[in-house]
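Novice: got a sequence here, can you model it:
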Amino acid sequence: QVQLVESGGGLVQAGGSLRLACLASGRAFSSMGWFRQAPGKEREVVAAISGIRGNTYYADSVKGRFTISRDNAKNTLYLQMNSLKPEDTAVYYCAARRLTTIATREDAYDYWGQGTQVTVSS
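Specialist: Modelled structure (predicted):
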């Protein structure tokens, strides 16, 4: 059974940092990504990483502040979030796909985690 389990969310003040982790089990994944959904808004891509070369993509809103990385030995995907802003408040989701190419569209991903809440206070 495929499972993606996120952890690391919480409440932080503006300017603070959090590191999200996503433990993947059940099979080996290739390309992975982080998405987020704020109240009343559609889910959007935050960052993505390809399966072989580790190429990365970042949404403009998080460039220079967030870093996506993966530890294949631990089957874990990370999202280091620095200089957090109140507008980063959202439920953050980990996603994985069978293909190796990087993807930014929701429908390109085959598996999803349950999400972890990130709240940034001003």
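
Novice: can you report how many residues lie near Gly26?
Specialist: Number of residues near Gly26 (other CB atoms under 10 Å) recorded here: 12. All C-beta atoms are positioned from the backbone trio N, CA, C, and that covers glycine.

Novice: how far away is it from Lys63?
Specialist: Distance of Gly26 to Lys63, given as CB to CB, to the nearest Å: 32 Å.

Novice: repeat that for Leu84.
Specialist: Relative to Lys63, and taking CB to CB, Leu84 is found at 14 Å.

Novice: okay, those two: which has more neighbours?
Specialist: Ranked by neighbour count (other CB under 10 Å), Leu84 and Lys63 place Leu84 first, with 22 against 10.

Novice: what sits against the more buried one?
Specialist: 12, 14-18, 65, 118, 120 (CB atoms under 8 Å, 6 or more residues apart in numbering).

Novice: for ChimeraX, what selects the buried ones among these?
Specialist: Remark: buried members of those, expressed as a ChimeraX selection using 16 or more other CB atoms under 10 Å:
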select :12,18,118,120
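
Novice: the contacts of Leu84: which two are farthest apart?
Specialist: Gly15 and Val118 (14.1 Å; CB to CB).

Novice: all set, thanks.
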